[in-house]
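Enquirer: Next come a sequence and a model predicted from it.
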Amino acid sequence: MMSSQVSTLTTLNNLSISTPPSTSSKLRLSSSSYHSLSQRTHIPFHVYKHPSAILLELCTSLQELRQIIPLIIKNGLYGELLFQTKLLSLFCKYGSIVEAVRVFESVEDKADCDDVEPVVYNFTYLLKVIGDNSDLRRGKEIHGQLITSGFALNLFAMTSVVNLYAKCGRIDEAYKMFDRMPERDLVSWNTIIAGYAQNGHAKKALSLIVRMQHEGQRPDSVTLVTVLPAAADVKSLRIGKSIHGYVLRAGFESHVNIATALVDMYSKCGYVGIARLIFNRMRERTVVSWNSMIDGYVQSDDPKEALEIFQKMLDEGFEPSNVTIMEALHACGDLGDIEREVDIAAKIFENLQGKTPVSWNAMILGYAQNGQVKEALSHFSEMQSQNIKMDTFTMVSVIPALAELSITRQAKWIHGLVIRSCFDKNVFVMTALVDMYAKCGAINTARKLFDMMGERHVTTWNAMIDGYGTHGVEKLHHSGLVEEGLESFESMKKDYGLEPAMDHYGAMVDLLGACRIHKNVELGEKAAMKIFQLNPNDGGYHVLLSNIYASASMWDKVAEIRTMMEKKGLKKTPGCSLVDLGKELHTFYSGSTLHPQSKQIYSFLETLGEKIKAAGYVPDTNSIHDVEDDVQKQLLNSHSEKLAISFGLLNTSPGTTLHIRKNLRVCGDCHKATKYISLVTGREIIVRDMHRFHHFKNGTCSCGDYWKLVQAFTFTMLPLVCKRLSLLKSRPPPFGHGFSIFQSFIRPMTESSSSNDPQNFTVSYLQNSCGLSHNSAIAASKKLLFENSEQPDSVLELLRSQGLTKSQIEKIIVTRPQLLEANLEDTLRPKMEFLKSLGFSGASMVKLVTKDPRMLDCDVVESVQLFRARGFSDEQIKGLTMKLPSLHFYNVNKIVKPKLEFFKSMGFTAEDVARIVSSEPYILERSLENHIIPCIEVLKRVLGTDENVRKVIKACYWILEYNLEKMLEPNIAMLKSHGVPENIIMNMFLAHPRTFLLRPQQITEILAEVEKLGFNPNTSLFVLAIRSMAVMSKTLWEQKVEAYKSFGLTEDQVYTAFKLQPMCMITSEKKIKKVMHFLINKLNMDASMICRNPNLLMLSLEKRLIPRSSVLQLLISSGFLKEDINIIYYLRMPEQQFVEKLVRKYKPLLPNIVNAHEGRIEFLGFPVILKS
């Protein structure tokens, strides 16, 4: 594959230098006429007879295309411009940027040679594939060529530019290009709306829908597919329903993409039932449709239904995609019946073809989240053995699994793997490590990692806080929390209409435990009933309620619970404790004697028991009921954590900290006993039970003996949370009034046409005469009222006379209904006449009033007079008004005037201020104190004098849009720290300011490269090298190096030339090839000569190299100069000196020398290699 690509590139490279003649080469087509020809990319009829052309039409892949190219060249078809356009479109279609660029350059070269204007679609094809690959650097280059080719105002070209910047994540730049377009069609609007939606700006995308309609464009199916996900992202059911209503009225409901988007929107807004209804009605479905429905159920916490849809999808013969599989795995992970349903996930995973890291991660995460740690680690191990590349998500999936084991040894192992895999800078991986160490009992290590993190996410703080909480750092002295907890739980649904989530029910479990400890039977029963509703088949909760009854000696209730458990087939979860010693995990169950050291353990435990009794320990038998006292003590002595502690004390040296992990809550007796064990042995013992850590040391526990209340304290936060949610519910919707306009255009599907209709004259008139929808007419009627049509008719007639269409008038009235009441003679006509005096008429007038109807009834005279008084021409005022009409509605004396005066106080002339502001009126929207003045102060600190500041702003008025404090000053400080003299920095900034406005990180990387190449920071070449490297991607740099090497230069010679003249790499690849071809093939220069004189590459081929070579050719052939002249001396000679010394001197003898100097004599080349 690689060799075929290289071969193709070589072939295309050769063709870009010399292209066969074409039958169309004599035709000169205007760009407009060529557009219609280029809209079809199939090959014209007179070329179609060639077999290679037929093959090209049938081409279905990049590999096939590369195989066809030699046949194309052999048949001499490459010279056809339409044929080249087809070739370019196919390379773009199959995503090969490099080959597409080669063809593009060849097409442009041929257009130059044949005097044929460029084809706009060549630019649009190329910009699309560049955007799809997010190659911003290359995209900017093509954008520059597009402008120089005269397409800066072309609708198709600029829409492609908007798409480019949007796809590259530069949505602000995309909008700037969009806003500057003189005209926009539906495709342009769809492009910018999709750009905002895909870059995470859903609200902006929705607001553009409103503006789009104001400017006379109706949403089509593409718009709707774009905007429905935006409504879903902001979870606005109101807007989503409005769009759905429009879909129904416009007849788009049968479009599979739109129906799929509706399914997704309703699911994300929490209405999965409506989503399913739409899904069921779909006549046609795609895999994406199925995925949306499955995802809807997953997001709605209905994994069973999600899996049913997945099964139905398979039954109907659809091939699931990786996305489908991932959703199915997530559904399996969310199921409560783990034992049955995890098998489904495993089977899905096994049947998955071509498992990706994503699918492995999902499986590991699914097992980990369902408590199947062994399986999660097994899959992680298998993933490593198969050399599947791990990513950050792999780590954040497997680390929590290890956290559940609470084994410090394995925690250190995975930490080492994180460092070796270079994931230790990722905030989420590090957060997982913090959480893992905290759960392994190493809270100090967790804190060290936390403190070392350069960046912290909110989850990082939560992990650290939770770590401290579970380790009992804060003692909680609260009473009455149990009762308040249950009251808060009840209040959630009763008072605030909130359904308790899984976390709230989890807190109820803790509440149940607290009830047992405090023997609050009534409260315990209430908590238990809530838990039984959640999980009726968990034996542990039944045992907990049974113990509450037993502690109150309610033996009949104990018997009821036991009978209930027998009927349900439920069993108590056996207590289990783990201790990690000698790289081996030892497991102990209550009363078990299976461990090889059981005899020693029980013997040691009996001796230990005597010691702690002597220290004051008294067994707490409240946790064991309905047995004799001596049996109670025997049972307490065989609890699993006591066995694990004894084993640890037997097998570790004095002073070693013991780490114990228990699967259930530590009972009261074991808690008390462990405190005394830590006292008599002088050991620190860390026990992690199902809820928290207990650090036992010197007879005390970190929980301060309030451990029984810690989890119940969770409920003290519930009233605060509910209060906060209540406040959020009372807030206004998250959208401004603009969205009511959107609703007025597309009526919600649930509204009837007759709702809220006052049936008065105003509403009827707005509907019948202005074309407003029913809802829009009602909304507008609240702002005006008239009893007859005389006044509004006259206004509409005036608007029509200015060339406004019906849809444009409708949008104006929707936005500014008060216009219909405006006085024609006193307001509207004078306003229009005034706008005409500024140069607005016809199309420009229509565009202005459609863009902002306030221009027709608001006073703009004051602002215009201000601009005129400040030296603005009417043409300049017209330009800034078209760009930013809202300027006229500001308090000009407060907002605009101080900024104009500030620029004047800096020494700018009135003409300078007018040119700067009319070119970039947006600067007047920026705060004078908070933005403009700080920017000027930065420039003064950098440039030293007001004159230099004025020079930069006049050359680059856009510079005031940047945050110079964050970009300019750090970059200059960085250059100074690398030894670049201040005078060189200042001169370079005056000449090339954009170089200094790169991201500081980018500057740092480039500085390292420049220093590596050996540039001296004390010379201007150092900064020139930075500038050259700043404007090029690594790929572009390599392409230019290859371009030089294709003419015989070695890579070392290229770098030598770059060191002598860094700007030789900033010239385009196209120019490099042209100039190198001329120097080597026409002037017979060798590579070393060019390498020593790279300034030649900066000279214009048409205006310098060819004309001067023609003069020298004439002088040599006439005998006035010797053949071995120093050609480089003459090529680099200043123009005036060259004219005086050669042209004027020999003009009397050689009249034709003037024609040679003006490039009107063909240069044939020198016969010998000339001296340098």
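Expert: Looks like it came in fine. Numbers count the residues shown, from 1 in each chain.

Enquirer: What residues does Gly842 make contact with?
Expert: Shown in contact with Gly842 (Cβ atoms under 8 Å, 6 or more residues apart in numbering): Gly803. The way it works is simple: take the backbone N, C-alpha and C, and place the C-beta from them, glycine included.

Enquirer: Using the three-state scheme, assign Leu585.
Expert: What DSSP: H, G, I helix; E, B strand; the rest coil gives for Leu585 is strand.

Enquirer: show me what contacts it?
Expert: Taking Cβ under 8 Å, 6+ apart as the contact definition, Leu585 lies against 405, 407, 578-579.

Enquirer: Return the subset of those lying in helices.
Expert: Judged by DSSP state H, the contacts of Leu585 include Leu405 as members of helices.

Enquirer: Pull the most distant pair out of the contacts of Leu585.
Expert: Between any two of the contacts of Leu585, the greatest separation by Cβ to Cβ is 11.8 Å, found for Leu405 and Val579.

Enquirer: list residues touching both of those two?
Expert: What both Leu405 and Val579 touch, as defined by Cβ under 8 Å, 6+ apart, is the set 585, 661.

Enquirer: From the centroid of this protein, which residue is nearest?
Expert: Among the residues of the chain, Asn199 comes closest to the average C-alpha position under Cα atoms, centre = their mean, at 5.5 Å.

Enquirer: ranking the contacts of Leu585 by neighbours, who comes first?
Expert: Val579 (23 neighbours; other Cβ atoms under 10 Å).

Enquirer: how about the nearest residue to it, chain neighbours excluded?
Expert: Closest residue to Val579 apart from its sequence neighbours, by Cβ to Cβ, 6 or more residues apart in numbering: Ala644 at 4.6 Å.

Enquirer: and for the helix or strand hosting that neighbour, what are the contacting residues?
Expert: Following DSSP states H and E, one finds Ala644 within helix 640-651. When contacts are defined by Cβ under 8 Å, 6+ apart, helix 640-651 is touched by residues 575-579, 581-582, 586, 588-590, 592, 595, 597, 600-602, 604-605, 608, 658, 660, 662, 666, 670, 673-674, 677, 681, 683, 685, 687.

Enquirer: what's the answer for stretch 387-405, then?
Expert: Contacts of stretch 387-405 (Cβ under 8 Å, 6+ apart): 355, 357-358, 360-361, 364-365, 367-369, 371, 373, 376-377, 380, 383-384, 410-411, 414, 418, 421, 423, 426, 428-429, 431-433, 435-436, 439-440, 578, 585, 661.

Enquirer: Alpha carbons only: can I get it in PDB?
Expert: In PDB, the C-alpha atoms belonging to stretch 387-405 read as follows (Å, rounded to 0.1, in the frame of the first residue of the first chain):
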ATOM      1  CA  ASN A 387      -0.700  -6.600  23.000                       C
ATOM      2  CA  ILE A 388      -3.900  -4.600  22.900                       C
ATOM      3  CA  LYS A 389      -2.900  -1.000  23.300                       C
ATOM      4  CA  MET A 390      -4.000   0.400  26.700                       C
ATOM      5  CA  ASP A 391      -5.400   3.900  27.000                       C
ATOM      6  CA  THR A 392      -6.400   6.200  29.900                       C
ATOM      7  CA  PHE A 393      -9.900   4.600  29.900                       C
ATOM      8  CA  THR A 394      -8.300   1.200  30.400                       C
ATOM      9  CA  MET A 395      -6.600   2.500  33.500                       C
ATOM     10  CA  VAL A 396      -9.600   4.200  35.000                       C
ATOM     11  CA  SER A 397     -11.500   0.900  34.400                       C
ATOM     12  CA  VAL A 398      -9.000  -1.500  36.000                       C
ATOM     13  CA  ILE A 399      -7.700   0.700  38.900                       C
ATOM     14  CA  PRO A 400     -11.100   0.700  40.700                       C
ATOM     15  CA  ALA A 401     -11.100  -3.100  40.400                       C
ATOM     16  CA  LEU A 402      -7.800  -3.200  42.200                       C
ATOM     17  CA  ALA A 403      -9.100  -0.600  44.700                       C
ATOM     18  CA  GLU A 404     -11.800  -3.100  45.700                       C
ATOM     19  CA  LEU A 405      -9.200  -5.700  46.600                       C
END
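
Enquirer: For that stretch, what does the pLDDT average out to?
Expert: Taken as a whole, stretch 387-405 has a mean pLDDT of 84.

Enquirer: Next, the buried residues of it.
Expert: The neighbour-count check on stretch 387-405 (16 or more other Cβ atoms under 10 Å) flags 388, 390-405 as buried.

Enquirer: Give me the distance between that stretch and the centre of its chain.
Expert: Put simply, stretch 387-405 sits 24 Å off its chain's centre (Cα atoms, centre = their mean, to the nearest Å).

Enquirer: you'd agree Leu820 is up against Pro792?
Expert: Yes: using Cβ atoms under 8 Å, Leu820 is in contact with Pro792, at 4.1 Å.

Enquirer: which helices and strands sit right next to whichever helix or strand comes after the helix holding Ala644?
Expert: Next in sequence after helix 640-651, counting helices and strands by DSSP H and E, comes strand 658-662. Contact analysis of strand 658-662 by 3 or more Cβ pairs under 8 Å, 6 or more residues apart in numbering; DSSP states H and E lists strand 576-581, helix 640-651, strand 685-688 as its packing neighbours.

Enquirer: which parts of the longest one are buried?
Expert: Residues 640-649, 651 are the ones in helix 640-651 that count as buried (16+ other Cβ under 10 Å).

Enquirer: and it, what's its mean pLDDT?
Expert: Averaged over helix 640-651, pLDDT sits at 88.

Enquirer: which ones are touching Tyr676?
Expert: 612, 615-617, 699.

Enquirer: swap in Tyr271?
Expert: Contacts for Tyr271 were tallied using Cβ under 8 Å, 6+ apart; they are Leu237.

Enquirer: Quick check: the gap between it and Ile294.
Expert: Between Tyr271 and Ile294 the computed distance is 16 Å (Cβ to Cβ, to the nearest Å).

Enquirer: Quick one: low-confidence residue ranges for the stretch 151-300 of the chain.
Expert: For the stretch 151-300 of the chain, no stretch has pLDDT under 70.

Enquirer: do the same with the stretch 401-550 of the chain
Expert: In the stretch 401-550 of the chain, residues with pLDDT under 70: 458, 469-550.

Enquirer: switch the cut-off to 90
Expert: 401-414, 416-428, 432, 435-550 (pLDDT under 90).
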